[in-house]
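Colleague: mind folding the following:
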Amino acid sequence: MSRQEAKRAFIEQAGWGSAEIRFLAGDASNRRYDRLTGTDGSTAVLMDAPPEKGEDVRPFLRIATFLRENGLSAPCIHAADEAQGFLMIEDLGDRVFAREITQNPGCENTLYEAATDVLTRLHRCQPPALEPYTSPVTVPLAALAFEWYQSGAAGETDIGAKAEFAESFAAAIQPFDDHATVLVQRDYHAENLLWLPERDGPARVGLLDFQDAMLGHPVYDLVSILQDARRDVSPDIEARMKARFLRQNPQDRDAFDAAYAVMGAQRNLRILGVFARLCMRDGKAHYVDLIPRVWSHIQTNLAQPSLRDIKGLLTKVMPAPTPENLARLRSKCATVPKP
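Modeller: The predicted model follows:
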């Protein structure tokens, strides 16, 4: 049975056989989403996550259940075929944060406050058993900046500099490993959040793309949304939300700022490498356009005193995203075979 035939069979079995089907979205993974509209006007979303392409819907099911049980707005699951990688899930609508803010800039503060409140609610919940997002994982992920971005923009990976970076960055981030105590969604940003104003409190934020959740540092998702790779967040909004988070979660400000900068450096270095890989390996050249913003976040985070040595190293060996370097990277689109 072809993938299309299996998809049609699942839709029939889920009771949506007469529904109109329209493509809704794709993302950086191999998943795609379709919106189904029934003859009565009701809607649902089909997640198509092919196992043969490395996708697995079970983490999504598990985390969605956990989030809903704790009063947060992950989609309800209407039907599931775990073996074939199909889910029929609740349609949370189209009011994506990024689009809402573009259409109504005056709502930006309200939406970011609600997103910050979600994290406070989430961090007060006992997390499920998850793999730790600590230095043995985070350091190699940050080094993707060397493996993909440096190699694409400069022509090769500086193996010696990469090893030096890994050693220095491990020393900087390891002190935070003991604080990896909360569920981090890891892709918490304005294009993965939906505005649900008819709901109350933190439930006003619809959550998506949380299937890669791990056990991480409490500031990680805050950095994720405030240092967004896809849209500019004003320094004023960033400062307000950090202050809001600190009021809700009192702690030493210097320790908070240090953790925020180190987690931000790790996250943005990883994204730098991932966006280059999406171009070079996966043929998604539009991610290159986002790299200058990610680079700017990295420079901001490297101002943290504990990252001084790493800043010096990256300044020497990591090519800045000049138009020439980005053009060189873009010219290598889809030239690296997938494993």
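Colleague: C-alpha from now on. contacts and neighbour counts both.
Modeller: Fine.
Colleague: which stretches of the protein have low pLDDT?
Modeller: 27-28 (pLDDT under 70).
Colleague: how does it divide into domains?
Modeller: 3-89, 97-331 (automatic domain parsing).
Colleague: tell me which residues in stretch 296-307 are buried?
Modeller: Within stretch 296-307, the residues that qualify as buried are 296, 297, 298, 301, 302, 304, 306, 307, counting by 16 or more other C-alpha atoms under 10 Å.
Colleague: in those, find the pair that's most separated.
Modeller: 296 and 306 (18.3 Å; C-alpha to C-alpha).
Colleague: ok so, going back, with distance to residue 29 and secondary structure added, can I get the buried residues of stretch 296-307 in a markdown table?
Modeller: Conversion of these to a markdown table gives the following (distance: C-alpha to C-alpha, whole Å; DSSP: H, G, I helix; E, B strand; the rest coil):
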| residue | distance to residue 29 | secondary structure |
| --- | --- | --- |
| 296 | 25 | helix |
| 297 | 23 | helix |
| 298 | 24 | helix |
| 301 | 27 | helix |
| 302 | 29 | coil |
| 304 | 32 | coil |
| 306 | 34 | helix |
| 307 | 31 | helix |
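Colleague: between these, which is nearest residue 245?
Modeller: Nearest to residue 245 among the buried residues of stretch 296-307, with distances taken as C-alpha to C-alpha, is residue 301, at 18.6 Å.
Colleague: distance of the closest one relative to residue 20?
Modeller: Residue 301 is 47 Å from residue 20, where distance means C-alpha to C-alpha, to the nearest Å.
Colleague: hang on, isn't residue 98 packed against residue 228?
Modeller: No: the criterion here is C-alpha atoms under 8 Å, and residue 98 misses it with residue 228 at 10.4 Å.
Colleague: which residues do the two both contact?
Modeller: Shared contacts of residue 98 and residue 228 (C-alpha atoms under 8 Å, 6 or more residues apart in numbering): residue 190.
Colleague: related to what we said a few turns ago, which stretch among the domains of the chain is buried most, on average?
Modeller: domain 97-331 (a mean of 18; mean count of other C-alpha atoms under 10 Å).
Colleague: in the stretch 51-200 of the chain, which spans are strands?
Modeller: Along the stretch 51-200 of the chain, the stretches classed as strands by DSSP state E, counting those that start in this stretch are 77-81, 86-89, 182-184, 193-195.
Colleague: kindly report the same for the stretch 201-339 of the chain.
Modeller: Under the criterion DSSP E, counting those that start in this stretch, the stretch 201-339 of the chain contains strands at 205-207, 214-216.
Colleague: closest to residue 91 out of those?
Modeller: Using C-alpha to C-alpha, the nearest of these to residue 91 is strand 205-207, at 9.9 Å.
Colleague: for the closest one, enumerate the helices and strands it packs against.
Modeller: helix 108-123, strand 193-195 (3 or more C-alpha pairs under 8 Å, 6 or more residues apart in numbering; DSSP states H and E).
Colleague: what about 10 Å?
Modeller: helix 58-69, helix 108-123, strand 193-195 (3 or more C-alpha pairs under 10 Å, 6 or more residues apart in numbering; DSSP states H and E).
Colleague: can those go into TSV with extra columns for distance to residue 276?
Modeller: Converted to TSV, the helices and strands packed on strand 205-207 look like this (distance: least, C-alpha to C-alpha, whole Å):
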stretch	distance to residue 276
helix 58-69	26
helix 108-123	28
strand 193-195	24
